[in-house]
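Undergrad: Make a model of this:
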Amino acid sequence: MAPKGRATRPTPDRVREALFSILGPRVPDATVLDLFAGTGALGIEALSRGARRAVFVEHDRTAAEHLRRNLDLLGPTDSEVLTMTVRRAIDALARRGERFTLIFLDPPFAAGLLPESLLAIVKAGLCAAEGLIVCEHDRRDAPAPPPGLTAVDQRRYGEVALTLFSPERSGP
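TA: This is a model prediction of the structure:
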């Protein structure tokens, strides 16, 4: 369920299916952060596939209410919806000492928010050492990895692309 209008752009079904095929065994028992969550499709899919916990961040109140309704349809889960900007949420989650094994980033394509969001995640230390950050973006606008992240995969699906990053490993 999504709010009417074009402000919320859910991940296309075929892209979501392909993504979860790629993620496979990483999903069960994962701790998930769904930034720019919109309808919550990615985080909810992760919960339905066995993720332990999910935090959703959506600043638009109408979209956040739809997201809460979608979570209610899923049934009882360990989930939380933060209705605030991604920047404020990253800061709040860092203060709480949160770490996530899967982070989904799906900002509005034309807004140019991926680079600053990736950098903020790294600086806040939100991605667990064994974690993965999944960025959905326009196929012509792949984000460069900020210091601390390595691109480990990239896939294209028509106009949409997915780039997956993992934290750089230090030492031998």
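
Undergrad: how many neighbours does residue 37 have?
TA: 29 (other C-beta atoms under 10 Å). C-beta coordinates here come from the backbone N, C-alpha and C atoms, glycine included.

Undergrad: One more: residue 131?
TA: Neighbours of residue 131 using other C-beta under 10 Å come to 20.

Undergrad: my read: it touches residue 101, true?
TA: Yes: if you go by C-beta atoms under 8 Å, residue 131 and residue 101 touch, sitting 4.7 Å apart.

Undergrad: in the chain, which spans are helices?
TA: 13-23, 41-48, 61-74, 86-95, 114-124 (DSSP state H).

Undergrad: Can you say which of these is packed in most?
TA: Mean neighbour count (mean count of other C-beta atoms under 10 Å) peaks for helix 41-48 among these, with a mean of 23.

Undergrad: list the helices and strands it packs on?
TA: On a contact count with 3 or more C-beta pairs under 8 Å, 6 or more residues apart in numbering; DSSP states H and E, helix 41-48 meets helix 13-23, strand 31-35, strand 53-57, helix 61-74, strand 100-105.

Undergrad: check contacts around residue 143.
TA: 114, 115, 118, 135, 137, 163 (C-beta atoms under 8 Å, 6 or more residues apart in numbering).

Undergrad: What separation is there between it and residue 33?
TA: Distance, residue 143 to residue 33, using C-beta to C-beta, to the nearest Å: 17 Å.

Undergrad: State the pLDDT value of the closest residue to residue 115 other than its chain neighbours.
TA: Using C-beta to C-beta, 6 or more residues apart in numbering and skipping the chain neighbours, the partner closest in space to residue 115 is residue 143 (5.7 Å). pLDDT recorded at residue 143 is 88.

Undergrad: Repeat that for residue 61.
TA: On the pLDDT scale, residue 61 gets 96.

Undergrad: can you check residue 67 too?
TA: pLDDT, residue 67: 95.

Undergrad: ditto for residue 169
TA: On the pLDDT scale, residue 169 gets 74.

Undergrad: so where's the longest strand in this protein?
TA: strand 127-138 (DSSP state E).

Undergrad: Parallel or antiparallel, which strands does that one pair with?
TA: Sheet pairing here is set by DSSP bridges, and for strand 127-138 it gives strand 100-105 (parallel), strand 160-167 (antiparallel).

Undergrad: Might you calculate how far the last one sits from the centre of the chain?
TA: Relative to the centre of its chain, strand 160-167 is centred 10 Å away, using C-alpha atoms, centre = their mean, to the nearest Å.
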